[in-house]
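Engineer: how would this look folded up:
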Amino acid sequence: MDQELDIIQSDNGLLADIRSMVEQTRTAVARIVNSGMTLLYWRGGRRISMEALGNKRADYGHEIVSTLSQQLRWSHFKEIIYLKNDLQREFYAEMCRVERWSVRTLREKIGSMLFERAAAQTSRARLINYQEGAE
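Structural biologist: Below is the predicted model:
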């Protein structure tokens with residue numbers, strides 16, 4: 001760490017030297033933060049293990065559950081993450097999973113406002129069912 005705190009003087013000029021010092025400091029800070037976060041996650045996991053599992057190992061492999069991350073690509077998540085609300089994100093993620101949409105298809109469905117149209121259609125169906133029940 002001492003080496004990273006040295007004042008840099010090179011033939012590259014003042015601006016390049018300052019950039020180097022900033023980059024070295026960023027790298028040092030990132031290492032410290034990563035170390036702290038790793039320790040935090042370990043401590044949290046240890047606490048959960050103590051409380052929920054009674055210091056025993058969890059039973060893995062008894063049920064096979066495929067997570068969404070195994071079924072969709074990063075590109076799918078990249079498109080879904082910017083959507084307005086949780087329900088909309090869940091809708092498109094589930095449709096991608098069930099229908100095995102490509103990223104191109106996902107973009108087309110989002111662009112055509114499939115979620116909004118499906119929500120409107122569901123609302124109309126509920127209204128019709130309500131009106132039929134009232135008669």
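
Engineer: can you map out the helices along this protein?
Structural biologist: 14-52, 68-71, 74-80, 86-99, 103-111, 114-134 (DSSP state H).

Engineer: For the chain, give me the ranges with low pLDDT.
Structural biologist: For the chain, applying pLDDT under 70 flags the ranges 1-5, 58-63, 65-66, 127, 130-135.

Engineer: Redo the helices of the chain as CSV? Include mean neighbour count and distance to residue 8.
Structural biologist: Every C-beta, even on glycine, is put in place using the N, C-alpha and C of the backbone. Formatted as CSV, those follow (neighbours: other C-beta atoms under 10 Å; distance: least, C-beta to C-beta, whole Å):
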stretch, mean neighbour count, distance to residue 8
helix 14-52, 11, 5
helix 68-71, 11, 42
helix 74-80, 15, 37
helix 86-99, 15, 46
helix 103-111, 15, 44
helix 114-134, 11, 53
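
Engineer: can you tell which of these is closest to residue 6?
Structural biologist: Ranking the helices of the chain by their distance to residue 6 (criterion: C-beta to C-beta) puts helix 14-52 first, at 8.7 Å.

Engineer: What is the closest one packed up against?
Structural biologist: Of the remaining helices and strands, none touches helix 14-52 by 3 or more C-beta pairs under 8 Å, 6 or more residues apart in numbering; DSSP states H and E.
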